[in-house]
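Chemist: My questions are about this predicted structure, shown below with the sequence.
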Amino acid sequence: FTKRFLIVTPGITIKDRLKVLQPTEPRDFNYYDLRGVVPADQRLQLNQAEVHIINYHQFQSRTTAAGKGISANTRKLLLQGKPDQGAFTETPQMVVTRVLDKLGRDKGEIVVFNDEAHHCYQPKDLDEKIDPDMKEANEDARVWFKGLVDIRRYGNKSKDGIKTVYDLSATPFYLKGSGWGEGTIFPWVVSDFGLMDAIESGIVKVPRLPVDDNAQGDMVTYLHLYDQVKDDPAWPRKVSLAAMTAPGTWEPPTALEAALLSLYKSYEAAWDDWEKRLKPLDEPPPVMIVVTPNTLVSKLVYDWIAGYELEHEGETRHIPGKLPLFSNVVNDQPVAIPRTIVVDSKQLESGEGMKDDFKKAAAVEIEAFKQAYRKSNSGADISKLDDTDLLREVMNTVGKKGKLGADVRCVVSVAMLTEGWDANTVTHILGVRAFGSQLLCEQVVGRGLRRRSYATDPESGMFPAEYANVYGIPFSFIPSDKPTDPPKPPEPSIR
């Protein structure tokens, strides 16, 4: 037996949420007491467990105290061609010591739980060219995998090695570009409950995707949206905000504008239903997600949807967005709490702060939420409020009553929303980026499949169906979700 547990997560959101697994947390917070998981006569023994929860970024080598403030050129001069070996950057052994330091002074083997473990694998050496997203995914997977290998290698010397590793994932498959067959299930999987099982069981929403239209060509326009816009002259060729056009001058590609307007019309119906049935119960509003490929596109789409500021002759004018329910400007004035937000969940989840480009893109909403935070937390000093922590709180509380993000109606995301974002109020998703694999499609669609209600139907005793309407994500979640030719007429019977 062991009493030392290391839980590794893909980001700060899940890391913070899994604090419920700390047995020493208050009784009304930890799951052992809250859900009666452990018999009362054994509960005190559980407090002996040492549980350390980290995000995998902590396996990355950091600059040592001696290396801080020293430029790369100065380091080269001081090293005189010799390897660093911990002088300015941590060695693998130093990383292991830092990570395991929080597991206390007791020695003993460690049980590891990898949450969202499809991000932890050993990529094959790749000869073929892969796109930047796949390359980044491989690098992240390698950091996570190597961190565990180093714990096994260096921890064993003091009997602090790994006893067992348990992987937990809803998508236990190799990604495209990993060097392994795309969608190949990890060979160490012992149990798999797939998305189709979850849909058929009614424990998640049913994704509704376009399967046919009357447009010319073989592609379904709103299913393969990115292919329709990527070569359009209006689609940005650069990714930096330095290439941003003047506010109000960008017109989205025709297919993108039509998709936004079409999905928004469907959202209006969901909004009307919410106002009649759920708003009187103080339930949060429905949410639409727009997934974009980079900061520049996210800012352009955000301004088009939610509105923007325009400087004219020393005065600031507030221009409303094209979609009224999502507009952050009403009657030529900004709303107190933004209805639409722009987020870069990968930056927010790494714990390493925001890049300048994204900070600039989100500047207006950051200031608005600071004021909202000050109103709801009387006496709070907002000067000490970190912008990254603030936006992470907003992002992670979308659809949660009484929280900072409760009234958000639209989320414009730079790249895909990370695991752990579990708003159950999502009714509409629009993807306008490349989706190189079905696994990526499943992960993005999965952000919107959490049910709002688990109350059973009184007549059937089952969960009534809930739906998420999805555009722009070519996800084939059942073999027969493609249009088929009409059947041939039966052959005449001959006697």
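Modeler: Okay, I see it.

Chemist: can you pull out the strands in this structure?
Modeler: With DSSP state E applied, the chain shows strands at 4-9, 50-55, 110-115, 162-168, 206-208, 287-292, 307-312, 315-320, 329-330, 333-334, 340-343, 410-414, 426-431, 467-471, listed in chain order.

Chemist: Mind giving me the packing neighbours of the first one?
Modeler: When contacts are defined as 3 or more CB pairs under 8 Å, 6 or more residues apart in numbering; DSSP states H and E, strand 4-9 packs onto strand 50-55, strand 110-115, helix 132-155. Placement of C-beta: from N, CA and C, glycine included.

Chemist: repeat that with 10 Å
Modeler: Other elements packing on strand 4-9 under the criterion 3 or more CB pairs under 10 Å, 6 or more residues apart in numbering; DSSP states H and E are helix 12-17, strand 50-55, helix 92-100, strand 110-115, helix 132-155, strand 162-168.

Chemist: What of the last one?
Modeler: The elements that strand 467-471 packs onto, with contact taken as 3+ CB pairs under 10 Å, 6+ apart, are strand 206-208, helix 254-277, strand 287-292, strand 426-431, helix 438-446.

Chemist: Flag every buried residue along the second one.
Modeler: For helix 254-277, a neighbour-count test (16 or more other CB atoms under 10 Å) marks 255-256, 259-260, 262-264, 267, 270-271, 274 as buried.

Chemist: which among those residues gets closest to residue 468?
Modeler: residue 270 (10.3 Å; CB to CB).

Chemist: Contact partners for that closest one?
Modeler: 285-288, 425, 427-428, 467, 469 (CB atoms under 10 Å, 6 or more residues apart in numbering).

Chemist: And the pLDDT at it?
Modeler: pLDDT for residue 270: 95.

Chemist: Now do it against residue 446, distance only.
Modeler: For residue 270, the distance to residue 446 equals 19 Å [CB to CB, to the nearest Å].

Chemist: Same check on residue 181?
Modeler: As judged by CB to CB, residue 181 and residue 446 stand 21 Å apart.

Chemist: Same drill for those two, tell me which one is more crowded.
Modeler: Under the criterion of other CB atoms under 10 Å, the comparison of residue 181 against residue 446 puts residue 446 first, with 24 against 10.

Chemist: Return the residues in contact with the more buried one.
Modeler: Residue 446 neighbours (CB under 10 Å, 6+ apart): 170-171, 195, 198, 204-205, 207, 416-417, 419, 421-422, 429, 468, 475.

Chemist: and residue 243, what does it touch?
Modeler: Counting by CB under 10 Å, 6+ apart, residue 243 touches 236-237, 296.

Chemist: what's the closest of the residues you listed to residue 42?
Modeler: Nearest member of the contacts of residue 243 to residue 42, counting by CB to CB, is residue 296, at 55.7 Å.

Chemist: Check that closest one and give its pLDDT.
Modeler: 89.

Chemist: okay, the helices and strands packed on strand 467-471 in TSV with distance to residue 89 next?
Modeler: Output for the helices and strands packed on strand 467-471, formatted as TSV (distance: least, CB to CB, whole Å):
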stretch	distance to residue 89
strand 206-208	45
helix 254-277	44
strand 287-292	34
strand 426-431	38
helix 438-446	33
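
Chemist: For residue 35, find the nearest of these.
Modeler: The minimum distance between residue 35 and these falls on helix 438-446, with 24.2 Å, by CB to CB.

Chemist: Flag every buried residue along that closest one.
Modeler: Counting neighbours by 16+ other CB under 10 Å, one finds that the buried residues in helix 438-446 are 438-446.

Chemist: I appreciate the help and will end here.
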